[in-house]
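> how would this look folded up:
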Amino acid sequence: ATLMLAVAGIASSTAADATAAPVAGQAVVGRPFGIASVSVPLSGVTPIDPELFSLSEANGRALYPVFQAGGAARRVLGQLLGAGIENLPPREVTVSFLFVGDEPLNLTVHTPAPVAFTLRPQLPNRRADDRLLGQWWRQYHAASQQRASEGDYPPLVETYLSSMLAGRLGLETPLLQRRGGNDTQHEALKT
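Next up, the predicted model:
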């Protein structure tokens, strides 16, 4: 079934369930990378395991995806209502990622059920670009820190990726890393 999508920039979506909520998202062309964020409805995925989610693009142009289950409204509601809401299964997953090129992105988000759609990047808009890039960077770095602390490999790998991306994109290293125990590794990678 084809679904009409909620946000300009996305053309069409295919999902097994025609009653599913529409996919919503935005992509902004950039150099060296564009930035995109897409929210995909979840249908009965419990418990939420980030390892179940993946993103693919038909031509391999989607890079460094970060998944966040829940959504902004859920976080605000959780803060207002207090304990309890975090135990409810989230209704959507948001994936933010970098991409190359300015052609439409033929994406599939696996939640684990595949949701395929086309996202049409928009021309650069400094405000939207900065907002999306900042959001992606905070989420990417938080996920990177978690992988480094739980990983079966040295944290130097995650530190290198974060430092390389910060340099290429002109981003500041998040305060958490600058104040954390990776300062020596981070400084060594800068030289």
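
> Just list the residues touching Ala148, thanks.
Residues near Ala148 by C-beta atoms under 8 Å, 6 or more residues apart in numbering: Pro155, Val157, Glu158, Thr159, Asn182. C-beta coordinates here come from the backbone N, C-alpha and C atoms, glycine included.

> Give me the neighbour count for Tyr64.
Using other C-beta atoms under 10 Å, Tyr64 is surrounded by 17 other residues.

> Is it in a helix, a strand, or coil?
strand (DSSP: H, G, I helix; E, B strand; the rest coil).

> And the pLDDT at it?
For Tyr64, the pLDDT comes out at 94.

> quick one: it from Ala58, how far?
18 Å (C-beta to C-beta, to the nearest Å).

> quick one on the thing from earlier: what's the most distant pair in the contacts of Ala148?
Val157 and Asn182 (11.6 Å; C-beta to C-beta).

> So between the two, which is more surrounded?
Asn182 (22 against 13).

> buried stuff in the host helix or strand of Leu98?
If you go by DSSP states H and E, Leu98 is part of strand 92-99. Using 16 or more other C-beta atoms under 10 Å as the test for burial, strand 92-99 gives Glu92, Val93, Thr94, Val95, Ser96, Phe97, Leu98, Phe99.

> who does the last one bridge with?
Partner residues in beta bridges with Phe99: Gly34, Ala62, with DSSP bridges as the criterion.

> now swap in the one 10 residues further on and tell me
Going by DSSP bridges, Val109 is paired in beta bridges with Leu55, Val115.

> ok, it - how many residues close by?
Val109, neighbours per other C-beta under 10 Å, totals 26.

> Cross-check the contact I'm expecting between it and Val93.
Yes. With contact defined as C-beta atoms under 8 Å, Val109 reaches Val93; the gap is 7.4 Å.

> Find residues that contact each of these two.
Counting by C-beta under 8 Å, 6+ apart, the residues touching both Val109 and Val93 are Val40, Phe53.

> show me where the chain has strands.
For the chain, the strands defined by DSSP state E cover 2-3, 10-14, 24-28, 34-41, 54-57, 62-69, 92-99, 105-110, 114-119.

> Now do the top helix by length along the chain, average pLDDT.
The longest helix of the chain (DSSP state H) is helix 126-150. On average, the pLDDT along helix 126-150 is 85.

> Compute the inter-axis angle for it and strand 92-99.
Put simply, helix 126-150 runs at 100 degrees to strand 92-99, going by axes from the mean of the first three to the mean of the last three C-alpha atoms, to 10 degrees.

> so helix 126-150 versus strand 24-28, what angle?
Going by the same axes, to 10 degrees, helix 126-150 makes 100 degrees with strand 24-28.

> buried set for helix 126-150?
Under the neighbour-count criterion of 16+ other C-beta under 10 Å, helix 126-150 has 128-129, 132-133, 135-137, 139-141, 143-145, 148 buried.
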